[in-house]
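Colleague: dropping the sequence and predicted coords here.
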Amino acid sequence: MITKRPRGTADATPTDTPKWQYLESVAREICRCYGYGEIRTPVFEHTELFQRTVGEFTDVVEKEMYTFEDRGGRSLTLRPEGTAAAGRLFLEAHLDAAALPAKLYYLSWPIFRYERPQAGRLRQHHQFGVECFGSADPLVDAEIITMAQDFLSAVGLADLRVGLNSMGCPECRHAYRAALREHYGPRREKLCPDCQRRYEQNPLRLLDCKVETCQELKSGLPPMGDFLCPACQEHLKKVEGYLHELGIRYHRDPSLVRGFDYYTRTVFEISHQALGAQDVVCGGGRYDGLVESLGGDPTPGVGFGLGLERLLLILEEEGVSLPSAPPLDVFVVTIGEEVRSTAFGLVQAYRRNGWRADLDVMDRSMRAQMRFADKYPARYVLILGPDELAGQQVPIRNMVSGTEEKVALKDAVGYLAEQSRVGT
RNA sequence: GUGGCUGUAGCUCAGUCGGUUAGAGCGCCAGGUUGUGGCCCUGGAGGUCGGGGGUUCAAAACCCCUCAGCCACCCCA
């Protein structure tokens, strides 16, 4: 082999793509019902876009971006997430000047992060995501969570775990950050090296460290909930109220923290145990400061990103059956060179009438052609040899029932339509 | 980025203590049936034993490096 695919990437063959197309069609249908419209943006953006929105000191920006300089000296980055690009488009396409909210979705966007690969974690993966710009209404937070839930159940998933938390607004977050520093300050030396860095750069992340000694140091720490300002508490309460009314099961997880700086107030994750350590299939929340940080007027927003490879892994693990390559409607078996142009014409006639039709191009014996048609699989096999050509009558074999009928060659195309009308 | 496990045919896997020409099942191709699929039978193709280096009379096996996959961490979808 001359080439190998780069580490942490995946190919999709004709066996795989029907499954992707299926997920995409379900996603589109959900978005249609919820009133969202599709957007497309370039796979790379100015590096600064992600630095400003995702955050300078986040893991993603610090060490996971595919950043390069183009021939004009610009620093560009393959997008490591979708929301920032959606926000950029929102401003650049002047959607902020149109009627709000702007309800946008993106489908199968390639997302790039330089990470150590394992099952459910790739360097290029694909996300279905939804973003709603312009409304601060907690109803939209609930709508977004419901949408993700609806999509996942529509493709056949149950046993989902929805985690919910609030990260507060900049004011209450500031207060909590101070409280964290106060709590950890005296015991700073006992923290793991990662947490010592977090203490300096991003104290909120101290909360979900899994190192045992750091866990112990958490005792006596007031939960973030205590620091939420009245407005943020009210917001969270309303989101929960809507979820409750809609019958969405979730659990409050006070230690749930998202790794991107743009999140404010509502954050949530949907996970599934079939996935192992990388168990989060969907993550999202509210990002009221994002548009402003891009230079636009203050504009609230909420959204989610959903990993399609991880979803496919869960579905496979759970034994949910997904579409595979479609069968052939008719395979035309040819006997001898002299019938081939007639056979080709016939196959073309089928195709132009919307049938999936094929014929032998491997110079196979009749028997081998029959075996090939069987394995394809083909619903019908039409046999065309010198005798049929002379008599203008062809046998058409139903490969499921094994029955065969003689049909006039000129009626061969109509025959399939007739049979499907009858319901065979 | 850290620690660990695993790489043998297209796929799933055997391969004894380091010993001659590396095997099986499935899949693929052809034939048994010179014009009829599935079942059965026969035959065939297909291998840099992940790659490179080393130890040895001899390496798929032992050692080192490297690449890839997987597991956990970190982080995330």
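Modeller: On my side now, so go ahead.
Colleague: I'd say residue A:130 and residue A:303 touch.
Modeller: Yes. Under the criterion of CB atoms under 8 Å, residue A:130 makes contact with residue A:303 at 5.4 Å. For glycine as for every other residue, the C-beta is placed from the backbone atoms N, C-alpha and C.
Colleague: what residues are shared contacts of those two?
Modeller: Shared contacts of residue A:130 and residue A:303 (CB atoms under 8 Å, 6 or more residues apart in numbering): A:144, A:284.
Colleague: so the residue lying closest to residue A:355 once chain neighbours are set aside, which of the three states?
Modeller: Closest residue in space to residue A:355, ignoring its immediate chain neighbours: residue A:329 at 4.2 Å, by CB to CB, 6 or more residues apart in numbering. Of the three states, residue A:329 takes strand under DSSP: H, G, I helix; E, B strand; the rest coil.
Colleague: from residue A:315, how far off is residue A:329?
Modeller: Counting by CB to CB, to the nearest Å, the separation of residue A:329 from residue A:315 is 28 Å.
Colleague: list the contacts of the closest residue to RNA strand B within chain A.
Modeller: In chain A, no residue comes nearer to RNA strand B than residue A:259, which is 0.7 Å away by CB to the nearest atom of the strand. When contacts are counted by CB under 8 Å, 6+ apart, residue A:259 is found next to A:58-60, A:205.
Colleague: kindly recompute the last result at 7 Å.
Modeller: Contact analysis of residue A:259 by CB atoms under 7 Å, 6 or more residues apart in numbering lists A:58-60.
Colleague: which secondary element of chain A has the worst mean pLDDT?
Modeller: In chain A, the helix or strand scored least confidently by mean pLDDT, DSSP states H and E is helix A:212-217, which has a mean of 67.
Colleague: tell me the helix or strand right after that helix.
Modeller: helix A:230-246 (DSSP states H and E).
Colleague: and the pLDDT for the residue of chain A closest to RNA strand B?
Modeller: We have a pLDDT of 84 for residue A:259.
Colleague: is it correct that it falls within a helix?
Modeller: No. Assessed with three-state DSSP, residue A:259 is coil; it does not lie in a helix.
Colleague: count of neighbours near the closest residue to residue A:320 other than its chain neighbours?
Modeller: Once flanking residues are discounted, residue A:320 sits nearest to residue A:156: 4.1 Å by CB to CB, 6+ apart. Neighbourhood size, residue A:156 [other CB atoms under 10 Å]: 14.
Colleague: next one: residue A:187
Modeller: Residue A:187 has 12 neighbouring residues, counting by other CB under 10 Å.
Colleague: ok, residue A:243 to residue A:329 distance?
Modeller: For residue A:243 relative to residue A:329 (CB to CB), the value is 47 Å.
Colleague: sorry, back to before: for the contacts of residue A:259, pick the one with the most neighbours.
Modeller: Counting by other CB under 10 Å, residue A:58 has the largest number of neighbours within the contacts of residue A:259, with 22 neighbours.
Colleague: what sits up against stretch A:308-324?
Modeller: By CB under 7 Å, 6+ apart, the residues outside stretch A:308-324 that reach it are A:10, A:15, A:18-19, A:22-23, A:108, A:119-120, A:122, A:125-128, A:155-157, A:272, A:274-275, A:278, A:281.
Colleague: just the ones of those in strands?
Modeller: A:108, A:125-128, A:281 (DSSP state E).
Colleague: any quick ChimeraX command for the buried ones out of these?
Modeller: The following ChimeraX line selects those of these that are buried, judged by 16 or more other CB atoms under 10 Å:
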select /A:125,126,127,128,281
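Colleague: filter the ones in strands among the contacts of stretch A:308-324 by proximity to RNA strand B?
Modeller: A:125, A:127, A:281 (CB under 7 Å from any atom of the strand).
Colleague: mind putting the residues you listed into JSON lines with pLDDT and distance to residue A:186?
Modeller: Converted to JSON lines, these look like this (pLDDT from 0 to 100; distance: CB to CB, whole Å):
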{"residue": "A:125", "pLDDT": "97", "distance to residue A:186": "42"}
{"residue": "A:127", "pLDDT": "98", "distance to residue A:186": "42"}
{"residue": "A:281", "pLDDT": "97", "distance to residue A:186": "39"}
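Colleague: and the residues you listed as CSV, adding distance to residue A:185?
Modeller: Below are these laid out as CSV (distance: CB to CB, whole Å):
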residue, distance to residue A:185
A:125, 39
A:127, 38
A:281, 37
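Colleague: closest to residue A:299 out of these?
Modeller: residue A:127 (22.1 Å; CB to CB).
Colleague: I'd say the closest one and residue A:304 touch.
Modeller: No. Using CB atoms under 7 Å, residue A:127 is not in contact with residue A:304; the gap is 9.2 Å.
Colleague: span of stretch A:260-277 from start to end?
Modeller: In stretch A:260-277, first residue to last residue: 20 Å (CA to CA, to the nearest Å).
Colleague: can you list the buried residues in that stretch?
Modeller: So, applying 16+ other CB under 10 Å, buried residues of stretch A:260-277: A:260-272, A:274-275.
Colleague: likewise for stretch A:192-207?
Modeller: For stretch A:192-207, by 16+ other CB under 10 Å, it's A:195, A:198-199, A:202-207.
Colleague: which of the residues you listed fall in helices?
Modeller: Among the buried residues of stretch A:192-207, DSSP state H puts A:195, A:198-199 in helices.
Colleague: any low-confidence regions in chain A?
Modeller: Chain A contains residues with pLDDT under 70 at A:1-3, A:193-194, A:207-220, A:423-424.
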